[in-house]
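Enquirer: with the sequence up front, the predicted model follows.
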Amino acid sequence: MPRRHLPPESVHAQRWMVSYADFMTLMFAFFVVLYAASSINDDKFEQMSQMFVGVFEQPAAMNLPQDIQSLISDLQESLQLEQTAEKAEMSDESVVLQQQLTELLKTSLNQPRVNLRQLPNYWQIELPADYIFIGKSATISPEGEYLLSKMADVFERIPNFIDIEVFTDNQVLESNPWRLAGQQGMAILQLLVLDDVSPLRLAAVNYGPFQPIASNDDEDGQSINRRVLFLIHETRESVDRIQTVTDEHLSANPKQ
């Protein structure tokens with residue numbers, strides 16, 4: 001007859017005692033908390049509760065050390081003083097520029113239809129193209145060379161960026177309506193550079209016949225539409241913008 005084998009005793013036969021001990025420990029802690037809560041001062045408990053509520057409901061505020069607050073205040077004051085000084089310097093430069101351009105207008109450009117205007121951020125000198133070029137060509141006349149040389153004397157001494165905008169009438173015979181204005185702009189640039197105006201501060205803008213300010217139905221209107229504008233910027237924003245773009249291209253495409 002086969003023997004009956006008893007099942008092996010579990011290694012963890014007494015494990016329930018561990019769980020029971022943990023449960024009793026929790027119960028003991030629970031009753032300790034209840035006893036403490038029953039004997040605590042009600043006013044102090046309420047104050048403690050309100051303190052915790054305030055901590056969780058209100059955003060945390062960072063109290064900076066006094067030294068850091070003082071440093072921030074000094075930096076702000078220094079920045080304000082620097083901005084004020086820059087504005088004062090720009091104002092002084094603008095006054096000097098106005099005086100130079102006004103003197104130029106009185107002495108060398110004192111002719112009909114020559115205008116000097118102050119616009120936001122720049123000064124504008126308007127010249128009829130007929131004062132600069134021979135007929136409807138890109139050849140600068142002797143009178144035009146004289147006017148441009150006098151303007152170059154002023155432009156050479158100032159650090160301002162200068163845009164040259166060229167406009168024509170709609171009677172251009174060439175198939176490309178921008179060609180004549182482009183050639184005229186390049187001729188002006190070349191003469192100014194020969195008179196020692198820095199090419200880094202010069203740019204030509206070609207509008208062709210597409211920005212008329214008078215009717216092109218007669219010669220008087222056409223003559224008014226043929227004009228050249230010199231825009232003298234009061235700030236360095238244009239130069240800084242171009243320099244930033246140039247630096248970005250150079251950094252993106254370093255020379256091998």
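Expert: Nice, I can see it.
Enquirer: every contact and neighbour count from this point should use C-alpha atoms.
Expert: Will do.
Enquirer: strands of the protein, residue ranges please.
Expert: Assigned strands in the chain, in chain order: 115-119, 122-128, 162-167, 202-208, 227-233 (criterion: DSSP state E).
Enquirer: how about the ones you listed in TSV, adding distance to Glu103 and mean pLDDT?
Expert: Below are those laid out as TSV (distance: least, C-alpha to C-alpha, whole Å; pLDDT from 0 to 100):
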stretch	distance to Glu103	mean pLDDT
strand 115-119	11	91
strand 122-128	13	94
strand 162-167	18	97
strand 202-208	22	95
strand 227-233	15	96
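Enquirer: export those as JSON lines, with columns for distance to Leu189 and mean neighbour count.
Expert: Shown next, in JSON lines, are the strands of the chain (distance: least, C-alpha to C-alpha, whole Å; neighbours: other C-alpha atoms under 10 Å):
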{"stretch": "strand 115-119", "distance to Leu189": "20", "mean neighbour count": "15"}
{"stretch": "strand 122-128", "distance to Leu189": "15", "mean neighbour count": "19"}
{"stretch": "strand 162-167", "distance to Leu189": "8", "mean neighbour count": "24"}
{"stretch": "strand 202-208", "distance to Leu189": "7", "mean neighbour count": "18"}
{"stretch": "strand 227-233", "distance to Leu189": "11", "mean neighbour count": "23"}
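Enquirer: make JSON lines out of these and add distance to Met17.
Expert: Below are the strands of the chain laid out as JSON lines (distance: least, C-alpha to C-alpha, whole Å):
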{"stretch": "strand 115-119", "distance to Met17": "93"}
{"stretch": "strand 122-128", "distance to Met17": "92"}
{"stretch": "strand 162-167", "distance to Met17": "94"}
{"stretch": "strand 202-208", "distance to Met17": "93"}
{"stretch": "strand 227-233", "distance to Met17": "91"}
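Enquirer: and the closest residue to Leu105 other than its chain neighbours, what is it in contact with?
Expert: Excluding the flanking residues, the one nearest Leu105 by C-alpha to C-alpha, 6 or more residues apart in numbering is Leu116, at 7.5 Å. Residues in contact with Leu116, defined by C-alpha atoms under 8 Å, 6 or more residues apart in numbering, are Leu101, Thr102, Leu105, Trp123, Gln124, Ile125, Glu126.
Enquirer: is Leu116 in a bridge, and if so with what?
Expert: Per DSSP bridges, the residues bridged to Leu116 are Ile125.
Enquirer: ok, it to Leu127 distance?
Expert: According to C-alpha to C-alpha, to the nearest Å, Leu116 stands 9 Å off from Leu127.
Enquirer: ok, Leu104 next?
Expert: For Leu104, the distance to Leu127 (C-alpha to C-alpha) stands at 13 Å.
Enquirer: ditto for Ala138
Expert: Ala138 sits 15 Å away from Leu127, going by C-alpha to C-alpha.
Enquirer: also Pro159?
Expert: Noted for Pro159: a distance of 22 Å to Leu127, by C-alpha to C-alpha.
Enquirer: what does Glu165 give?
Expert: 10 Å.
Enquirer: what does Met27 give?
Expert: Met27 sits 99 Å away from Leu127, going by C-alpha to C-alpha.
Enquirer: likewise for Ala181?
Expert: In terms of C-alpha to C-alpha, Ala181 sits 14 Å off from Leu127.
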